[in-house]
Structures are given as C-alpha cells and as structure tokens.
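Visitor: what would the 3D arrangement of this be:
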Amino acid sequence: MSINNDVKVAVGDPARVTRGDLRRAAWASSLGSALEYYDFALYSLASALIFGPLFFPGSNPSTGLILSFGTYFLGFAIRPLGGVIFGRLGDKLGRKFVLVTTISLMGGASTLIGLLPTYNGAAGDWFHTGAGIFAPILLIVLRLLQGLGAGAEMAGASILMTEYAPRRERGFWASLPFMGVQLGTVVAALVYFLLINANQTVKITETWLWRIPFLASIIILIVAIFIRLKLKESPTFKKLEAHHMIAEKPVRTLFKNSRRTILRGIGLRMAENGSSSIYQALAVAYITSAAVGVTGPIGALSLVFAAGLGSVIVPVAGKLSDRFGRVKTYRGFAIFQLIAAFPIWYVLSLGDTVQTIIVISLGLGIGTWGMFGAQSAFMSELFSARQRYLGVSVAREISAVLSGGIAPLIGAWIISLVVTADGGAQVPGAGHGSWIPIASYLALLTVITIVATFFTPETIGRDLDSIKDAIDDPATVEGHHKADYAAHSAV
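Guide: Sure thing, here's the model as predicted:
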C-alpha cells in the first residue's frame, strides 16, 4: 500500500520539492555528515596517536592503545540507543527536527573534548595540573554523548536526501551527503598533519595544540544548524502527517514487521563500516607502532589521499546504482574489497611510506567508500515510509557496534597477542606478522556483506511512500518498480 497515489501535490503544497530545496538539503546534509566524520576521523586519529599518553599514561604502549580504542568503541556501543531514541522521534516528529538536534549534540560534545583536562597535565597546556582518573571519565562521558547524536545523524541525512530526490536520480542525490564524509575526513587529517609537523621539537601531547581540532568543531556546527533550520520537512513525512498515518508506536512496529529488513541492513554494512574503522584507525596504529615503525604523519597523509579519491568515488557509485541497480553496485565494491584485503595489508607490513599511502587510498577510497556511495538510497529504500528513520538508524548503528566500533579493539588485541608471542614490545619488529589475522578479519566481514547482497531485493525506483518494507512489497519482489523505473528512464 502507498500513500503517494492519494496525494495531489499542488504548486503551493509544502510537500513540493523545488530544485532549490534539493540543493539546500544537499548542503545541509553534507555539512552534518562532514561534522560527524570530522569527529570520527579526529577521534580515530587521536585514539591511535595521542589519547593513550594524554588520558591513560600509566600503561605500556600496547595496553594504552587498547584502552584508547576502548573509549573509541564506547562511542559506537551507545549509537544503537541514539538510533532508537532519535529514529523514533524522526518517524513521529519529522526528519528536520531530529537532524537539528543530533548535530547539536555531536558538535557540542566534540567541542567540549577540546576543553578537557588530561590525566597528568603538561607545562605547555592550559591545564598544568592533571585531573587524574576524572580525565578519562570525562572523555568517556563526552564520547558517549557524541555517539548518541551520531546514532541517527547519517541515517537522517541519507533519508532526507532520498525522500527529496527525483526518482531517476535518487542514488546520485542521496550519495551527496556522504561526500561530507570525505570533507570531514580531509579536514581532520590535514589539521593533524599540520599540528604534528608544526613543531618537531615538542610533542603535541605536551602542549595545548591537540585541542585545536576538537574546538574547531564549533565552526561546522554553527553553519550546519543555520542551514538546517531553513529546510523544508521531507515530502514523505508531510504526506504521512496529512493522512494521519504516523506510527503511534514505531519501535514496536519496527521490531514486529521489519526484523528481516534490519538483519539485511546489518549484513550490508559489516564490510563498509568495519573496513572504515580498520583503515582509518587500526591501520594507522599498526604502521606507526613498533610492529612496522613508520614515523611521521603517515596516517594523516593516507587519509587525505584516500578521502580525495573517495570524494570522486562516492557520487560515481551513486550514479552507478541508478544505472545498474543498488545490489549489483554494492556487491561489486564489496568484491573489490575482498580481493584487495590481503595484498593491501601485506604492503602495509612492508613499511614503505609511498606504498602505504597508495594502498590505504585504494582500500578506503574505492572499496569502503564505493559501498558507502551506493548505500544511502539503498538502505532508505529497504524500509517503509512509516518506520524508515528508525529502521535505517537501528540497522546502521547495530552494525556500527558489531563491525566498526569493535574492529580497532579486536585489531589492537591481535597486535598485542602477536607482539607478546614475538618476545614483547622491546623487540624490534615484534607484532609485524599481525597483518595476516587482521586481513583475515577484514575478509570475513566482507564475505558477510557479499552473502547479504544475495538475500536483499533490488530497490531501484521503489515508491518511497509505500508503507511496506521492500522485502514485503510485491512490486519490489516481482521487479515491478525496477521495470517501471527503466521504462520511465527510457522516455
């Protein structure tokens, strides 16, 4: 059943989307994505490079890395709760309200991290006296708040653009907010690159300079809130309101009717989300640790080049999904990631700076972000109009815990085990061989996603006003939407 056929959109109808509305929504969504992934890349780089000595100084390097990635994981662990809370509000109160709320929570928490006292303090820092155990506790609290907001941010941005976009160009327009991911990643990586190289005589952890990237979050936050407040509500949500079809109990309805769709959404994201964390956080820690021993800002430079490539691949993937379908496009990028996993991690183990930049750019920029570009419209089309925000949020964030959040933690644990087996952290090259189990772990996550694509229906051109999930919609299952879309495209 669809609400679309019963609604006549007049010229002055608030549900009508103009080209200007579409461009404004693209900017608003992209800036929110930029802030989320600026925070994501910032926190992953900080976890790999500086949070250990700043907030967990009493541990050996391997243990400090695990503790640092532990706080990184907590931000992911809380995201499903944020997805449920804000996803429910998004399906009851509207997409716009939640998008303003989530970005405020994320940006505020990130800015406050830049004001935290550290464990011991430093002579060149604002806080000369350390806060002891309260320092990591405060870091954890802010990381949890950051995770709550992030739990529904990307879901809302992708849904808004999918529901705004013209049917024939849905994959392309829905991918644009994900270009904000590249912007946020590049800015975070460049900031760290500049800071690490600004003063080679003093460690960044001994000054206040590490705070600058977090405090800078407030700039993106202010601009994004200003633009989002001027947005129109999603046309689909407007129609639901007009027909009094807002779900009264969206959480109960979702888990009663959409369990199979949620499982498919989780499966689709295992490779994309897991590899994103593995390449952005774990790979940086691996190549800069005693296992490989590459010095300098190699991690930041790798992310800059990868994001540059990703900024091209994301909209291309969106267009490919409009041309060849969501499933084939998504599966193609996942297969690329699977084939590339072992060669990439082998090259990382060699410790060559140029080769490291190239392979991280390929793995992250093509494999990971290729799936990312095809994912926005795909995930939104899988769920019904009445529980789309909640459904996408829950599927995204459960997968974020199972793959993205835990991946660096498992990787750090693998490195620690191999280091111990090789004779301990004091032995040069100890842990070098950990690239094999890490690559195997990445391959396992990717296989799960490839299998999931064979159990997920093609959704291209689907009616977004349908109150049934794609898997339960006869028109989707029988390919009617795809046939209608193809005929419409040929006109």
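Visitor: please report how far G20 lies from I159.
Guide: Counting by C-beta to C-beta, to the nearest Å, the separation of G20 from I159 is 20 Å. Backbone N, C-alpha and C define where each C-beta goes, glycine included.
Visitor: quick one: which of the two has more around it?
Guide: For G20 and I159, the more surrounded residue by other C-beta atoms under 10 Å is I159, and the numbers stand at 34 against 8.
Visitor: what comes up buried for the helix or strand harbouring the more buried one?
Guide: Assigned by DSSP states H and E, I159 belongs to helix 134-164. Judged by neighbour count (16 or more other C-beta atoms under 10 Å), helix 134-164 contains these buried residues: 135-136, 138-139, 142-164.
Visitor: off-centre distance for that helix?
Guide: Relative to the chain's own centre, helix 134-164 is displaced by 10 Å; criterion: C-alpha atoms, centre = their mean, to the nearest Å.
Visitor: quick one: mean pLDDT for the helix or strand that that helix is followed by?
Guide: Taking DSSP H and E as the definition, the helix or strand that follows helix 134-164 towards the C-terminus is helix 170-175. pLDDT averaged over helix 170-175 equals 92, rounded to a whole number.
Visitor: okay, and for the stretch 251-400 of the chain, where does confidence drop off?
Guide: 289-297 (pLDDT under 70).
Visitor: quick one: the helices in it, in order.
Guide: Using DSSP state H, counting those that start in this stretch, the helices of the stretch 251-400 of the chain run over residues 259-277, 283-288, 298-324, 326-350, 353-362, 369-382, 388-399.
Visitor: any idea which of these gets closest to I460?
Guide: Put simply, out of these the one that sits nearest I460 is helix 326-350, at 5.7 Å, with distance taken as C-beta to C-beta.
Visitor: so which bits of that closest one are buried?
Guide: Of the residues in helix 326-350, those buried by neighbour count under the rule 16+ other C-beta under 10 Å are 326-327, 329-338, 340-341, 344-345, 347-349.
Visitor: who are the packing partners of that helix?
Guide: Contact partners of helix 326-350 among helices and strands, from 3 or more C-beta pairs under 8 Å, 6 or more residues apart in numbering; DSSP states H and E: helix 259-277, helix 283-288, helix 298-324, helix 353-362, helix 369-382, helix 435-453.
Visitor: angle of that helix against helix 369-382?
Guide: Taking axes from the mean of the first three to the mean of the last three C-alpha atoms, to 10 degrees, one finds that helix 326-350 is oriented at 150 degrees with respect to helix 369-382.
Visitor: helix 326-350 vs helix 298-324, what angle?
Guide: With the same axes, to 10 degrees defining the directions, helix 326-350 sits at 160 degrees from helix 298-324.
Visitor: and helix 326-350, how far from the chain's centre?
Guide: Here the centre of mass of C-alpha atoms in helix 326-350, compared against the chain's by C-alpha atoms, centre = their mean, lies 18 Å away.
Visitor: hey, where'd the helices end up in the stretch 1-150 of the chain?
Guide: Taking DSSP H, counting those that start in this stretch to define them, one finds helices in the stretch 1-150 of the chain at 19-49, 51-55, 61-77, 79-92, 95-113, 134-164.
Visitor: nearest spatial neighbour of L445, skipping sequence neighbours?
Guide: G274 (4.0 Å; C-beta to C-beta, 6 or more residues apart in numbering).
Visitor: relative to Y72, how far out is that neighbour?
Guide: Applying C-beta to C-beta, the value for G274 to Y72 is 14 Å.
Visitor: could you do N120 as well?
Guide: Distance of N120 to Y72, computed by C-beta to C-beta: 21 Å.
Visitor: the more surrounded of those two?
Guide: In terms of neighbours (other C-beta under 10 Å), Y72 is the more surrounded of N120 and Y72; the figures are 27 against 18.
Visitor: residues contacting that one?
Guide: Taking C-beta atoms under 8 Å, 6 or more residues apart in numbering as the contact definition, Y72 lies against Y43, S44, S47, R143, A281, G405, P408, L409.
Visitor: stretch 411-423 - what's its average pLDDT?
Guide: Mean per-residue pLDDT for stretch 411-423: 72.
Visitor: same check, this time on stretch 97-107
Guide: The model assigns stretch 97-107 a mean pLDDT of 85.
Visitor: quick one on the thing from earlier: which among the helices of the stretch 251-400 of the chain is found nearest to D463?
Guide: Taking C-beta to C-beta as the criterion, helix 369-382 is the member of the helices of the stretch 251-400 of the chain that comes nearest to D463, at 9.3 Å.
Visitor: off-centre distance for that closest one?
Guide: Between the centre of helix 369-382 and the centre of its chain there are 12 Å (C-alpha atoms, centre = their mean).
Visitor: what angle separates that helix from helix 134-164?
Guide: Here helix 369-382 runs at 60 degrees with respect to helix 134-164, directions being taken by the same axes, to 10 degrees.
Visitor: before we move on, the earlier item: as JSON lines, the helices of the stretch 251-400 of the chain with distance to F455 would be great.
Guide: Output for these, formatted as JSON lines (distance: least, C-beta to C-beta, whole Å):
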{"stretch": "helix 259-277", "distance to F455": "6"}
{"stretch": "helix 283-288", "distance to F455": "30"}
{"stretch": "helix 298-324", "distance to F455": "18"}
{"stretch": "helix 326-350", "distance to F455": "10"}
{"stretch": "helix 353-362", "distance to F455": "28"}
{"stretch": "helix 369-382", "distance to F455": "12"}
{"stretch": "helix 388-399", "distance to F455": "14"}
